[in-house]
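The following block contains a protein sequence and its predicted model.
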Amino acid sequence: MIEIKSLHKSYKTGSTSLHVLKGIDFSVKEGEMVSIMGSSGSGKSTLLNILGILDEADEGTYTLDGVLIKNLNEKIAARYRNKFLGFIFQSFNLINYKSALDNVAMPLYYQGVKRAERLDRAMHYLEKVGLAEWATHLPNELSGGQKQRVAIARALASDPKVLLADEPTGALDSKTSYEVMEIIQTINDEGKTILLVTHEDDIAHMTKRIVHLKDGIIIDDSPVKQQRAKTALHV
Ligand code: ADP
Ligand code: MG
């Protein structure tokens, strides 16, 4: 599903250049759930932004579902993002003046789906994350965990090939983090390919494989004996 080879990325500001990714190779098969783990500043978000076609590498190749991602203009990049990818962020990135349901329906608007079907499909995904009763509520009427569940429903609404999550539990307490991780695990059980960035060891261990990033290179890439999220509902 994802294949990257010899990826390099530097940030240039004025006369200085910061070499952040120093030759990254890895691939992700369809249906995998992988975490990219590393300390703050190790280049995790930089890598995820490249995988999300939000940024481009300086060197190396990136192939997504057989498509070489290179030198795309913004229009094509946006089309590929919409077609292939769903995003979840630490800060949820919901639209504050739109209801939970309308937030989830947004990606479908950009895909040209008609309003009635948009709302139908959005409701289906809100039900999936257990928030059907909150459909008409605004984001500021929801808890952090609920907001992230809305964001997960939104990421799923367009049925993307890959779900990319950048520190999805970073703004949540540990109980809520586990609840969100349990939903993400369920989505993976149903077959979705998921890449998750985290600096937290226990979150990474809820995925099936950990790619450990340090100083811009992968220092370890191994399968883990996946721990199921234990939510308060189960203990
Ligand atoms: P992580 O997500 O692992 O914390 P990042 O990929 O965000 O790390 O950042 C890696 C390094 O690149 C950090 O030193 C950060 O300050 C720097 N960096 C990130 N984005 C930019 C940018 N747009 N311009 C310049 N430097 C950046
Ligand atoms: Mg980051």
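Yep, it's here. Numbering: from 1, shown residues only. Ligands and ions are numbered 1, 2, ... in the order given.

C-alpha only now, for contacts and for neighbours.
OK.

Residue 60 reaches residue 9, doesn't it?
No: Residue 60 is beyond contact range of residue 9, at 9.2 Å (criterion: CA atoms under 8 Å).

Beyond the helix or strand where residue 187 lies, next helix or strand please.
Under the criterion of DSSP states H and E, residue 187 resides in helix 174-189. Next helix or strand after helix 174-189 toward the C-terminus (DSSP H and E): strand 193-198.

residues in contact with the lowest-mean-pLDDT helix or strand in the chain?
When the helices and strands of the chain are scored by mean pLDDT, DSSP states H and E, helix 74-84 comes last with a mean of 92. The contact list for helix 74-84 (CA atoms under 8 Å, 6 or more residues apart in numbering) reads 52-54, 107, 110-111, 158, 160-162.

now that we have those residues, which one has the most neighbours?
Neighbour counts for the contacts of helix 74-84 (other CA atoms under 10 Å) peak at residue 162, which has 28 neighbours.

That one contacts residue 191, correct?
No: applying CA under 8 Å, one finds residue 162 not in contact with residue 191, separated by 10.1 Å.

So which residues make contact with stretch 139-155?
85-88, 92-100, 103-107, 122, 125-126, 128-129, 131, 163, 168, 171-172, 176-177, 179-180.

chain center to that stretch: distance?
On the basis of CA atoms, centre = their mean, to the nearest Å, stretch 139-155 sits 14 Å off its chain's mean C-alpha point.

That one - what's its average pLDDT?
Across stretch 139-155, the average pLDDT comes to 97.

in that stretch, what's buried?
139, 144-155 (16 or more other CA atoms under 10 Å).

Stretch 58-77 too?
By 16+ other CA under 10 Å, the buried positions in stretch 58-77 come out as 60-64, 69, 77.

does any bit of that stretch sit next to ligand 1?
No: Stretch 58-77 is not in contact with ligand 1 by CA under 6 Å from any ligand atom; minimum separation 13.6 Å.

per-residue pLDDT, residue 232?
49.

buried ones in stretch 7-22?
Those would be 7-10, 20-22, for stretch 7-22 by 16+ other CA under 10 Å.

Tell me which of the residues you listed fall in strands.
Of the buried residues of stretch 7-22, the ones assigned to strands by DSSP state E are 7-10, 20-22.

Which ones among those also lie next to ligand 1?
By CA under 6 Å from any ligand atom, the members of those lying near ligand 1 are residue 20.

Let's have the ones in strands among the buried residues of stretch 7-22 in CSV, adding pLDDT.
Rendered in CSV, the data for these read as follows (pLDDT from 0 to 100):
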residue, pLDDT
7, 97
8, 98
9, 98
10, 97
20, 97
21, 98
22, 97
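
Check the contact between residue 223 and residue 210; I expect there is one.
Yes: here residue 223 reaches residue 210: they are 6.3 Å apart, a contact under CA under 8 Å.
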